[in-house]
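Participant: Sequence first, predicted coordinates after that:
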Amino acid sequence: MSFESELIKIAMDNPARSAEDFRKIVELTEASDLNYNGSCIQTLLMPKIFTQKIYDYITSIAAKCFPILNKIIAQYRANPDYRLIFGFEPELEELILLSDTRITPIPVSRIDFFLDEDNCKAKLCEINTDGTSAMNEDRILGSFLDKNSSFQAFMQHKEYRKFELFDTFVNEFLHAYQSHVGDECATRVATATAPAPHVANANPPRVATAPHVATAPRTATAPRVADSPRPVPRVAIVDFLDKGTVNEFKRFQEAFTKHGIEAEVCDIRNLSYKNSKLTTPSGMVVDAIYRRAVTVDIMANYGDVLPFIQAVKDGAVCLVGGFCTQIAHNKLIFYILRHPATLAFLTKDEKRFVEEYIPLTFLLTKESIHENNALSEKDKWIIKPCDAYGSKGVYAGCDTDEAKWESLLRENLKNHYLLQQFIKPYRSPNLDFHGENFSAAYYGNTTGVFCYNEKPYGIYSRLAEGNIISTGHDEKAVPTILLLD
């Protein structure tokens, strides 16, 4: 019997109590940071439970992504002809080439998978870099597990751990800053922050951490660093605050403050730049930026963020989340990974990785539709925009009739869309209210691996009854735990 089935059996032995537990959890969720911008994260009664075997499998795949992505980033920097495949606008290309090569190319990410938990197999779903989020969802929902009587009964003679994603982030952010300022200042950074509590997990997990992966070859000159960098950076957490998850930003701000680091949450449009100093509206001089603003939003509002852009160009700040992350964040990466120009510089093992874990992906054209029988075999395909987030504009052929599918394909031929192999999500049971009835249903899953400086630190689980798992398609977030041996 699976963990989920065992949990549901325990819960439905006392359905009234379980329903009341769930009402309380929903009530707590609605009163928490997860209720923001007029909407609240939806959840289910049962958490996702992973064994060490599954955890090691999925985090090892995430770790293997980085050497390949770093090679692609290095090739983009070095080869003007290779850049043409991406089709980025000149302003973005300039920012990508200015990315600080001393910092890990992808310092913050969440790599999402379609994970078949029964057969221990996976396919990549999405690579989130810019704006990687939901750390706070896992933290808050995990804090409600003590209100779940069925879960407590299930765990009575078992040990588990939750994932800590804030203190660990501060630690890795400081590593990035140390890389930026150089060896001379790195010792002062470590000394200055020494009195703060150690930011590794307080209860070290018995988890095999993926080995650190070397960054891409240094192919560009690093931006200059301002004179006499501070041993402890003043940090700005920036986004378009009308779009960002501000409550989550505040939790990161608290984590920085706990470790003796001054930090502010700031709208990226409200920064000022004068005399080689970037400042927040309060007057704080910024030494390092944690960028949560996604690249597509920055480029769409380029004229409104010029102080930020100029500070980055001048190397006046340490930008954790440089623009080279857009190479991996843009969904075009799935097409790029299988492109002959990419395969030409990958090793045999890396090519096997691409073949096994990357869904077939093509530019959406009349030719790709015809060659892949995308009209007559619609259930095998999904279409999505190259550069969007939140599953905006994503359509699965299996969710539409033939006429609608044909219309969607035709309408998006000139909208920078991809045609991608549809991966049916793994389905697992969970409990929710269906109308007035509190009962079990099967939900599709996506499994995300949070990585800081290419190291895995936690798992994020999302579920939905449909085939597209996103906030726009009835997505549910649940806490994730690791079952200890």
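Facilitator: Okay, I see it.
Participant: going forward, measure contacts and count neighbours with C-alpha atoms only.
Facilitator: Fine.
Participant: Now do the closest residue to Pro359 other than its chain neighbours against Asp116, distance only.
Facilitator: Using C-alpha to C-alpha, 6 or more residues apart in numbering and skipping residues adjacent in sequence, the residue nearest Pro359 is Gln421, 5.6 Å away. Noted for Gln421: a distance of 16 Å to Asp116, by C-alpha to C-alpha, to the nearest Å.
Participant: same thing with Glu254?
Facilitator: Taking C-alpha to C-alpha, one finds Glu254 at 36 Å from Asp116.
Participant: What of Thr325?
Facilitator: Distance from Thr325 to Asp116, by C-alpha to C-alpha: 28 Å.
Participant: In terms of neighbours, single out the busier of the two.
Facilitator: Thr325 (26 against 18; other C-alpha atoms under 10 Å).
Participant: Give me the pLDDT for the nearest residue to the more buried one once chain neighbours are set aside.
Facilitator: Among residues not flanking Thr325 along the chain, Ile106 sits closest, at 5.6 Å (C-alpha to C-alpha, 6+ apart). As predicted, Ile106 sits at a pLDDT of 98.
Participant: so who does Ile106 touch?
Facilitator: Thr129, Gly321, Gly322, Cys324, Thr325, Asn453, Glu454 (C-alpha atoms under 8 Å, 6 or more residues apart in numbering).
Participant: want to throw those residues into CSV with secondary structure and distance to Val478?
Facilitator: Output for the contacts of Ile106, formatted as CSV (DSSP: H, G, I helix; E, B strand; the rest coil; distance: C-alpha to C-alpha, whole Å):
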residue, secondary structure, distance to Val478
Thr129, coil, 21
Gly321, coil, 27
Gly322, coil, 30
Cys324, helix, 31
Thr325, helix, 27
Asn453, coil, 25
Glu454, coil, 24
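Participant: re the thing from before, helix/strand/coil for the residue nearest to Thr325?
Facilitator: Secondary structure for Ile106, judged by DSSP: H, G, I helix; E, B strand; the rest coil, is coil.
Participant: And the helices in the stretch 351-485 of the chain?
Facilitator: In the stretch 351-485 of the chain, the helices defined using DSSP state H, counting those that start in this stretch lie at 366-371, 402-411.
Participant: neighbouring contacts of the longest one?
Facilitator: Defining contact as C-alpha under 8 Å, 6+ apart, one finds that helix 402-411 is touched by Leu364, Leu375, Lys378, Ile383, Gly397.
Participant: who touches the second one in this structure?
Facilitator: It refers to Leu375. Leu375 neighbours (C-alpha under 8 Å, 6+ apart): Ile369, Glu402, Trp405, Glu406.
Participant: Give me the phi and psi angles of it.
Facilitator: phi -80, psi -50 (degrees, to the nearest 10).
Participant: Could you check the pLDDT of Gly3?
Facilitator: One correction, residue 3 is Phe, not Gly. pLDDT, read off for Phe3, is 88.
Participant: What residues are bridge-paired with Tyr395?
Facilitator: Ile383 (DSSP bridges).
Participant: Relative to Tyr443, how far out is it?
Facilitator: 18 Å.
Participant: neighbour-wise, which of these two wins?
Facilitator: For Tyr395 versus Tyr443, neighbours defined as other C-alpha under 10 Å are more numerous around Tyr443 (22 against 19).
Participant: Give me the distance between that one and Ile268.
Facilitator: 37 Å.
Participant: what does Lys71 give?
Facilitator: With C-alpha to C-alpha as the criterion, Lys71 and Ile268 are 30 Å apart.
Participant: same deal with Thr104?
Facilitator: 23 Å.
Participant: and if you look at Lys313?
Facilitator: Counting by C-alpha to C-alpha - Lys313 and Ile268 are separated by 15 Å.
Participant: Who has more neighbours out of those two?
Facilitator: Higher neighbour count among Lys313 and Ile268: Ile268, with 24 against 16, using other C-alpha under 10 Å.
Participant: Surely the more buried one touches Leu306?
Facilitator: No: here Ile268 does not reach Leu306: they are 9.5 Å apart, not a contact under C-alpha atoms under 8 Å.
Participant: Tell me how many other residues crowd the residue nearest to Phe50 when sequence neighbours are not counted.
Facilitator: In this structure, Phe50 finds its nearest non-sequential neighbour in Leu482, 5.1 Å apart by C-alpha to C-alpha, 6+ apart. Leu482 has 22 neighbours, counted by other C-alpha under 10 Å.
Participant: May I ask which helix or strand of this structure has the lowest mean pLDDT?
Facilitator: helix 183-193 (a mean of 46; mean pLDDT, DSSP states H and E).
Participant: State the three-state secondary structure for Ile261.
Facilitator: Criterion first, three-state DSSP; result for Ile261: coil.
Participant: residue closest to the middle of the protein?
Facilitator: Arg110 (2.7 Å; C-alpha atoms, centre = their mean).
Participant: For that residue, give the beta-bridge partners.
Facilitator: Asn128, Phe450.
Participant: any idea which element Ser99 lies in?
Facilitator: Counting by DSSP states H and E, there is no helix or strand that carries Ser99.
Participant: is it true that it touches Gln326?
Facilitator: No: with contact defined as C-alpha under 8 Å, Ser99 does not reach Gln326; the gap is 10.8 Å.
Participant: Next secondary structure after the longest helix along the chain?
Facilitator: Across the chain, the longest stretch assigned as helix under DSSP state H is helix 52-78. Next along the chain after helix 52-78, taking DSSP H and E as the criterion, comes helix 80-86.
Participant: Need the CA coordinates for that following helix. CSV is fine.
Facilitator: Output in CSV follows, covering the C-alpha atoms of helix 80-86 (Å, rounded to 0.1, in the frame of the first residue of the first chain):
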residue,chain,number,x,y,z
PRO,A,80,27.8,35.0,-31.9
ASP,A,81,26.4,32.4,-34.4
TYR,A,82,25.0,30.3,-31.5
ARG,A,83,23.3,33.3,-30.1
LEU,A,84,21.2,33.7,-33.2
ILE,A,85,19.3,30.5,-32.4
PHE,A,86,17.9,32.2,-29.3
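Participant: what's in contact with that helix?
Facilitator: Gln75, Tyr76, Arg77, Leu332, Ile336, Ala341.
Participant: Most neighbours of all the residues you listed, which one?
Facilitator: Going by other C-alpha under 10 Å, Leu332 tops those with 24 neighbours.
Participant: Endpoint to endpoint, stretch 325-333 covers what distance?
Facilitator: End-to-end for stretch 325-333, by C-alpha to C-alpha: 11 Å.
Participant: residues making contact with it?
Facilitator: Counting by C-alpha under 8 Å, 6+ apart, 69, 73, 86, 96, 105-106, 126-130, 295, 385-388, 418 sit against stretch 325-333.
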